[in-house]
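Peer 1: below are the sequence and a predicted model for it; my questions follow.
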Amino acid sequence: MKQKKILPYAIGLVVVVMILLVVGKKAGWFGNEFTISVATEKVESKTITEFITANGKIQPKTEVKISPDVAGEIVELFVEDGQPVTKGDPLCVIKPEMYVSALNRSEAALNSSKARLAQAEAQQIERELSYKRSKQLYDKGTIPVSEFETAEAAYKVAQAEVRAAQYSVRSAEATVSEAQEQLTKTKIYAPISGTISALNVEKGERVVGTSMMVGTEMMTVADLDKMEVQVEVNENDIVKVMKFDTALVEVDAYLNRKFKGIVTEIANSASTTGTTADQVTNFDVKVFLLKESYEDLITETSPYPFRPGMSATVDILTETREGVISVPISAVTTRIKKEGGGTEEVADEESTTSETTSDSKTTVKEEKQEVVFVYSDDKVKKVEVKTGIQDNNSIEILEGVNEGDEVVIAPYNAINKTLKDSMMVKKVKEEELFKTSK
């Protein structure tokens, strides 16, 4: 009977002990199966170069898109795509017959105007002589006033007719000059020395002249000896970019190779893309490629290693600081600090700037803070830091830690969410940590 009475109590005690064992191990009261494994790295002093990454296309620094001034059929085409040309070389001829006829008509009109001028000048001489005779007779009182006035009026009309004929000659001369210019423009020559980087027409095609509307873009002449990359930099980063900043350029066509460049132009006006709700504002930046960084790619068969339109990624080096305290980027996370009560929340959870508890009506203010976890004697300490510039791997620490301190750099999920101040951890090598996670 006694055994039956003791049995329920014994079973209950075993259950309580088992619960205490599980809770105790999870809480870290004993055993170390649930200790978080972390990788650490010592804080050191190094040189950090901050850069801005942007994507764009390679283009010639100088290129001229050629459209004809006159319309017509291309009767001669002297160049091919990719052909080198020198300034002044003939490129093509537009059928000139119509413009020759226009010149002949304008020259005939000019000759006619000159003939009318000669006739008007002869009439002026005749009227002038008649006027002078009438004036002499009038002064002597031998002719009436009406006859003198008629001679005077005829002379003034003759003078006006001469002036009109002179203006007519000038107009005809301008028409001849214009017709000559139009005829001259039927032959198109290279405006610069370079390469035909685009040829959009063939012999026999008809083209539209720019004098009528937007002309036909026939071809492009580009100086492929001087190339640049045009990239779009976001409005948040453009304030850091300065003229003559150094840049490193990666071209998709040349893997594992970086070329050097210099920022030569920064747009003052922005270019926007997208709808009003999700509009993106960028600024165009041009980076000139330094020839000495790709001289080894230049050969006799391939004098121009870069072609217009190639895709490129540019890292613009905006600032370099030497001998600064730095830690790996993965060591820094953002947590939310609550003032006035409450528990700590991680930064990636949804939060508000303030909240009020239903019981105490106490206002709790939340503030984001950048922190690292400093490792010492199997424990981590949460330390608030102030950061500066960063590169791909490291970030500058302005306040919070000193050179030689040991900070947690992995795993990221633990740094971002799990680790707490004074928490027990197990230090392992980073390679072992990744093996464990796998």
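Peer 2: Nice, I can see it.

Peer 1: in contact with Pro96, which residues?
Peer 2: Gly72, Leu183, Thr186, Lys187 (CB atoms under 8 Å, 6 or more residues apart in numbering). Where you see a C-beta, it was placed from the backbone N, CA and C, and this is true even at glycine.

Peer 1: among these, who's most crowded?
Peer 2: Taking other CB atoms under 10 Å as the neighbour criterion, Thr186 ranks highest of these with 23 neighbours.

Peer 1: phi, psi of that residue?
Peer 2: When read as degrees, to the nearest 10, the backbone of Thr186 gives phi -70, psi -20.

Peer 1: isn't it right next to Leu91, touching?
Peer 2: No - Thr186 is not in contact with Leu91 according to CB atoms under 8 Å; the separation is 11.8 Å.

Peer 1: tell me the phi and psi of the residue nearest to Ala267 when sequence neighbours are not counted?
Peer 2: In this structure, Ala267 finds its nearest non-sequential neighbour in Asp284, 4.2 Å apart by CB to CB, 6 or more residues apart in numbering. Phi and psi for Asp284, reported as degrees, to the nearest 10, are phi -80, psi 130.

Peer 1: quick check: bridge partners of Asp284?
Peer 2: Assessed by DSSP bridges, Asp284 has beta-bridge partners Glu232.

Peer 1: residues contacting it?
Peer 2: So Asp284 contacts Gln230, Val231, Glu232, Val233, Glu265, Ala267, Ser271 (CB under 8 Å, 6+ apart).

Peer 1: and if you look at Ile409?
Peer 2: Contacts of Ile409 by CB under 8 Å, 6+ apart are Ala39, Thr40, Glu41, Val327, Pro328, Ser330, Ala331, Ile415, Glu430.

Peer 1: could you identify the helix or strand that succeeds the helix or strand of the chain with the lowest mean pLDDT?
Peer 2: Lowest on mean pLDDT, DSSP states H and E among the helices and strands of the chain sits strand 354-356, with a mean of 46. The helix or strand immediately downstream of strand 354-356 is strand 363-376, counting by DSSP states H and E.

Peer 1: neighbouring strands for the helix or strand that comes right after that following strand, and are they parallel or not?
Peer 2: Once the chain leaves strand 363-376, the next helix or strand it forms, by DSSP H and E, is strand 379-384. Under the criterion DSSP bridges, strand 379-384 sits next to strand 363-376 (antiparallel), strand 423-427 (antiparallel) in its sheet.

Peer 1: okay, those, which one's buried deepest?
Peer 2: Highest mean neighbour count of the strands paired with strand 379-384: strand 363-376, a mean of 17 (counted as mean count of other CB atoms under 10 Å).

Peer 1: following the helix or strand harbouring Ala198, which helix or strand comes up?
Peer 2: Assigned by DSSP H and E, Ala198 falls within strand 194-199. Using DSSP H and E, the helix or strand that follows strand 194-199 in sequence is strand 206-207.

Peer 1: would you confirm that Gly72 contacts Ile188?
Peer 2: No - applying CB under 8 Å as the test, Gly72 and Ile188 come out as separate, 11.4 Å apart.

Peer 1: who touches both of those two?
Peer 2: Ile94.

Peer 1: and Asp245, what is it in contact with?
Peer 2: Per CB under 8 Å, 6+ apart, neighbours of Asp245: Ile262, Val263, Ile316, Leu317, Thr318.

Peer 1: flag the shaky bits of the stretch 151-300 of the chain, pLDDT-wise.
Peer 2: For the stretch 151-300 of the chain, the stretches with pLDDT under 70 are 212, 275-277.

Peer 1: and the residue lying closest to Ala71 once chain neighbours are set aside, how many neighbours does it have?
Peer 2: Distance criterion CB to CB, 6+ apart; nearest residue to Ala71, sequence neighbours excluded, is Gly209 at 4.2 Å. Counted with other CB under 10 Å, the neighbours of Gly209 add up to 18.

Peer 1: may I have the phi/psi pair for Gly209?
Peer 2: phi -80, psi 150.

Peer 1: right, and it touches Asp69 too?
Peer 2: Yes - contact criterion CB under 8 Å: Gly209 and Asp69 qualify, at 5.3 Å.

Peer 1: common neighbours of the two, please.
Peer 2: Contact criterion CB under 8 Å, 6+ apart; residues shared by Gly209 and Asp69: Gly215.

Peer 1: what's the longest helix in this protein?
Peer 2: helix 97-140 (DSSP state H).

Peer 1: give me the mean pLDDT for that helix.
Peer 2: Taken as a whole, helix 97-140 has a mean pLDDT of 93.

Peer 1: other SSEs contacting it?
Peer 2: helix 145-184 (3 or more CB pairs under 8 Å, 6 or more residues apart in numbering; DSSP states H and E).

Peer 1: mind listing what's buried in the helix it packs on?
Peer 2: Residues 148, 151-152, 154-155, 158, 161-162, 165-166, 168-169, 172-173, 175-176, 179, 182-183 are the ones in helix 145-184 that count as buried (16 or more other CB atoms under 10 Å).

Peer 1: for stretch 394-414, same thing?
Peer 2: Those would be 394-397, 400-401, 405-411, 414, for stretch 394-414 by 16+ other CB under 10 Å.

Peer 1: now stretch 292-299
Peer 2: For stretch 292-299, burial by neighbour count (16+ other CB under 10 Å) applies to Tyr294.
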